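*Asks:* fold the stuff below for me.
(chains A and B)
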Amino acid sequence: MNRMNRSILFAAALVAGAAAGLTLALLQGADDEIVAATIFDTPRELPALDLVNADGAAVSGNIFTGRWDLLFFGFTHCPDICPATLHRLDALLDTIAQSAPERLPRVWLVSVDPSRDTPAVLADYLGFFDARFGALTGTDESVATLAGALGVAYARLPQGEDYTMSHSAALFLIDPRGHYAGLFNTPHDWDRIGSDLETILQ
Amino acid sequence: MTRQRRVLATLTLLGLSGCAAKTLHVDDAWIAMPPPTATTAAGYLTLINAGSSPVRLTAVQTRSFNSAGIHRTVTENGMARMQPAAPLTIAAGETVEFRPGGLHIMLMGPLKPLTEEVSIDLELLFEQHDPLPVVAQVRRWSP
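*Replies:* Numbers count the residues shown, from 1 in each chain, chains lettered A, B, ... in the order given. Predicted coordinates:
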């Protein structure tokens, strides 16, 4: 090999090395980038709660302090999107429990149908999905107070002699100080939610 | 006709009759096992119209529930709600997926326990097509 060929090879190796380094840097950068969540510049304070959990115990003040919390608003008579979302959240918690159990967020189902979703009904329902989930219900007014603070809309829709609910399917993020920090809006891309949560929970 | 040609002709006939019987068919029908206390459940399937003309799915019926319907979960401005989705036209050659978070068979008032691997008979009703019997197995949720 003559000298010129050698220097071309050397230059090519340098370029390839730089390209590999740049790609790695870009990939690492992409890992930390929030892609699915909307995170507020300033987390918002929440009103004092006046709710009941699945054990029937009164929940007041701010119970969302100390770690991250994820809130989903739904109801137990919901056959499709609520079970689908809860199963996804269950799988998400499994993943986090394996990689970083100390960062596991609390997941809450907040009922938008409190007249049918009593604490006992919610306890049975959640037991089927994931023992780590919590549930919140209460009076129409007390649920509306929390929903209002998070900008959650829901409505009762007649369905024959019965009724169903329309409701926000977003996931709400409460930071360890108990402040409303952001949300995952729909449609949900669960891979992106998973990688965003890894970054957020750090 | 040589022996080879006769075999080919027979095979072609068999192939054609197999096709005709399966113009409209369902794959992978299942019901997401609901919590034991649930009063509603959702069924999912893949509906394939391999025929040359469109069909209209008008209703679903079953003896295992008080009532059943074709529903769709729609999400608009972040709000999820269910709406009736029938009649639903399936174009010639089209495959329609009933999947969690979208189209589903809404099943209300189970008349028998929906434990894992229980089979539920459903019947899809169409305009200008015979009813299509479907066996959906209850199984644990999968995406």
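*Asks:* please, where are all the helices along the chain?
*Replies:* As the question left the chain open, I've gone with chain A. Chain-ordered helices for chain A, with DSSP state H as the definition, fall at A:3-32, A:81-99, A:119-129, A:140-150, A:190-200.
*Asks:* think we crossed wires, I meant chain B
*Replies:* Using DSSP H, the helices found in chain B span residues B:3-21.
*Asks:* up against chain A, what does it have?
*Replies:* Residues of chain B found near chain A, taking C-beta under 8 Å from any C-beta of the partner chain as the criterion, are B:32, B:34-42, B:67, B:71, B:73, B:75, B:78-82, B:100-101, B:104, B:106-108, B:141, B:143. For the C-beta atoms, the positions are set from N, CA and C on the backbone; glycine is no exception.
*Asks:* tell me the residues of chain A that contact chain B?
*Replies:* Taking C-beta under 8 Å from any C-beta as the criterion, the contact residues of chain A with chain B come out as A:76-81, A:83-84, A:87-88, A:121, A:124-125, A:127-129, A:153-154, A:157, A:160, A:162, A:164-170, A:185-187, A:190.
*Asks:* pLDDT score assigned to residue 143?
*Replies:* With no chain named, the answer covers chain A. A:Val143 is assigned a predicted lDDT (pLDDT) of 97.
*Asks:* wrong one, chain B
*Replies:* According to the predicted model, the pLDDT of B:Pro143 comes to 63.
*Asks:* residue ranges with poor pLDDT in chain A?
*Replies:* A:1-31 (pLDDT under 70).
*Asks:* what subset of the residues of chain B next to chain A is buried?
*Replies:* Applying 16 or more other C-beta atoms under 10 Å in any protein chain shown to those, the neighbour count classes B:32, B:34-35, B:38-42, B:71, B:73, B:75, B:78-82, B:100-101, B:104, B:106-108, B:141 as buried.
*Asks:* which of these fall in strands?
*Replies:* In this view, these that belong to strands under DSSP state E are B:32, B:40-42, B:71, B:73, B:75, B:79-82, B:104, B:106-108.
*Asks:* compute the first-to-last residue distance for stretch A:98-105.
*Replies:* The first and final residues of stretch A:98-105 sit 13 Å from each other (C-alpha to C-alpha, to the nearest Å).
*Asks:* report the buried residues of it.
*Replies:* Residues of stretch A:98-105 classed as buried by neighbour count (16+ other C-beta under 10 Å): A:Pro105.
*Asks:* so who does the residue lying closest to B:Thr40 once chain neighbours are set aside touch?
*Replies:* Of all residues not flanking B:Thr40 in the chain, A:Pro79 sits nearest, at 3.9 Å (C-beta to C-beta, 6 or more residues apart in numbering or on different chains). Contacts were defined as C-beta atoms under 8 Å, 6 or more residues apart in numbering or on different chains; by that measure A:Pro79 touches B:Pro34, B:Ala38, B:Thr40, B:Ala41, B:Ala42, B:His104, B:Met106, B:Leu107.
*Asks:* go again using 7 Å as the cut-off
*Replies:* Contacts for A:Pro79 were tallied using C-beta atoms under 7 Å, 6 or more residues apart in numbering or on different chains; they are B:Thr40, B:Ala41, B:Ala42, B:Met106.
*Asks:* how near is it to A:Asp69?
*Replies:* Taking C-beta to C-beta, to the nearest Å as the criterion, A:Pro79 is separated from A:Asp69 by 26 Å.
*Asks:* go on, A:Gly194?
*Replies:* As for A:Gly194, its distance to A:Asp69 is 17 Å (criterion: C-beta to C-beta).
*Asks:* kindly report the same for A:Ala91.
*Replies:* Applying C-beta to C-beta, one obtains 18 Å for the distance of A:Ala91 from A:Asp69.
*Asks:* which of the two has more neighbours?
*Replies:* A:Asp69 (21 against 14; other C-beta atoms under 10 Å in any protein chain shown).
*Asks:* gap between that one and A:Gly134?
*Replies:* As judged by C-beta to C-beta, A:Asp69 and A:Gly134 stand 9 Å apart.
*Asks:* now the common contact residues for the two.
*Replies:* Shared contacts of A:Asp69 and A:Gly134, counting by C-beta under 7 Å, 6+ apart, come down to A:Arg106, A:Trp108.
*Asks:* how about residue 107, what does it touch?
*Replies:* Since you didn't name a chain, this refers to chain A. Listed by C-beta under 7 Å, 6+ apart, the contact partners of A:Val107 are A:Leu70, A:Leu89, A:Leu93, A:Arg132, A:Phe133.
*Asks:* wrong chain, I was asking about chain B
*Replies:* B:Ile31, B:Thr40, B:Ala41, B:Ala42, B:Gly43, B:Phe65, B:Ala68.
*Asks:* looking at these, which has the smallest pLDDT value?
*Replies:* At the low end of pLDDT for these is B:Thr40, which has 91.
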